[in-house]
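S.K.: Would you be able to build a 3D model of this:
(2 chains)
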Amino acid sequence: DSGVTQTPKHLITATGQRVTLRCSPRSGDLSVYWYQQSLDQGLQFLIQYYNGEERAKGNILERFSAQQFPDLHSELNLSSLELGDSALYFCASSPSYRVNTEAFFGQGTRLTVV
Amino acid sequence: QQQVKQSPQSLIVQKGGISIINCAYENTAFDYFPWYQQFPGKGPALLIAIRPDVSEKKEGRFTISFNKSAKQFSLHIMDSQPGDSATYFCACEQVTSGSRLTFGEGTQLTVNP
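M.R.: As a prediction, this is how the structure comes out:
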């Protein structure tokens, strides 16, 4: 158990809908990272928050947004869902703004868009 | 642009053998190089990592060899075990105002008993 908690584990929704994925980082970790894993794109960085502020942004679609709350949990919002958004979404956390202080991944949320 | 190239895509090794997975990167701004292990249905788990000022790091049966001038690094798994069967990802960290990992495509390792 990495200590990073992601909910829900599985999500099935229809095209055009909006979903929210939740991540609770390990105790004491200030950074939260979101990654998307799909068969064709592999593991892709989406966005990083550090202590409530956005710190780095990857190729995150405009239909996607994220935030980190004062209690440090984070939510990834995916809207106007398309079939191609079906993927595993992972959250990771680390103590500092850098991964090299050891980032731990959660178990992921499997999103299926039908 | 694929900044991190990983090979081979799949690897089959006999129990007790050596597994070797290679990665090559392009961006000289990368300065931290972890390897992750992922089992089906699980998130990636940090296995071992190296910084560019070191050419080799060993932890138990796992060794990273790093060649900064060639922009290549590799994972060696000694005495491979069936329990090592998993997907392995190399990654490179780039730091700007924050941090991001760029992952290789992954290697599916199968260790036969």
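S.K.: how many other residues sit next to the closest residue to chain A within chain B?
M.R.: Relative to chain A, the nearest point of chain B is B:Gly98 (2.8 Å; C-beta to the nearest C-beta). All C-beta atoms are positioned from the backbone trio N, CA, C, and that covers glycine. By other C-beta atoms under 10 Å in any protein chain shown, 20 other residues sit near B:Gly98.
S.K.: Just to check, A:Gly58 is in contact with B:Thr102?
M.R.: No: A:Gly58 is beyond contact range of B:Thr102, at 9.1 Å (criterion: C-beta atoms under 8 Å).
S.K.: what do these two both touch?
M.R.: A:Phe45 (C-beta atoms under 8 Å, 6 or more residues apart in numbering or on different chains).
S.K.: Name the residue in these two with the higher neighbour count.
M.R.: Just comparing A:Gly58 and B:Thr102: by other C-beta under 10 Å the higher neighbour count belongs to B:Thr102, 21 against 16.
S.K.: give me the low-pLDDT residue ranges for the chain?
M.R.: Looking at chain A here, since you left the chain open. A:101 (pLDDT under 70).
S.K.: my question was about chain B
M.R.: Scanning chain B with the threshold set as pLDDT under 70 gives B:1-2.
S.K.: most remote residue from it's center?
M.R.: Farthest-out residue of chain B from its mean C-alpha position, per C-alpha atoms, centre = their mean: B:Ser97, at 25.1 Å.
S.K.: which residues touch it?
M.R.: Contacts for B:Ser97 (C-beta under 8 Å, 6+ apart) come out as A:Arg55, A:Ala56.
S.K.: Confirm it sits in a strand?
M.R.: No: if the criterion is DSSP: H, G, I helix; E, B strand; the rest coil, then B:Ser97 is coil and not within a strand.
S.K.: So B:Val13 sits against B:Ser80, correct?
M.R.: Yes: with contact defined as C-beta under 8 Å, B:Val13 counts as touching B:Ser80 (4.8 Å).
S.K.: Which one's more surrounded, these two?
M.R.: Set B:Val13 next to B:Ser80 and count neighbours by other C-beta under 10 Å: B:Ser80 wins out with 22 against 18.
S.K.: now the strands: where do they sit in chain A?
M.R.: Along chain A, the segments classed as strands by DSSP state E run A:5-7, A:10-13, A:19-24, A:31-38, A:42-50, A:53-57, A:64-68, A:74-78, A:87-94, A:104-105, A:109-113.
S.K.: Look up the closest residue to the residue nearest the centre of chain A, ignoring the ones flanking it.
M.R.: With distances taken as C-alpha atoms, centre = their mean, the residue of chain A nearest its centroid is A:Trp34 (3.2 Å). Nearest residue to A:Trp34 in three dimensions, chain neighbours excluded: A:Leu46, at 4.2 Å (C-beta to C-beta, 6 or more residues apart in numbering or on different chains).
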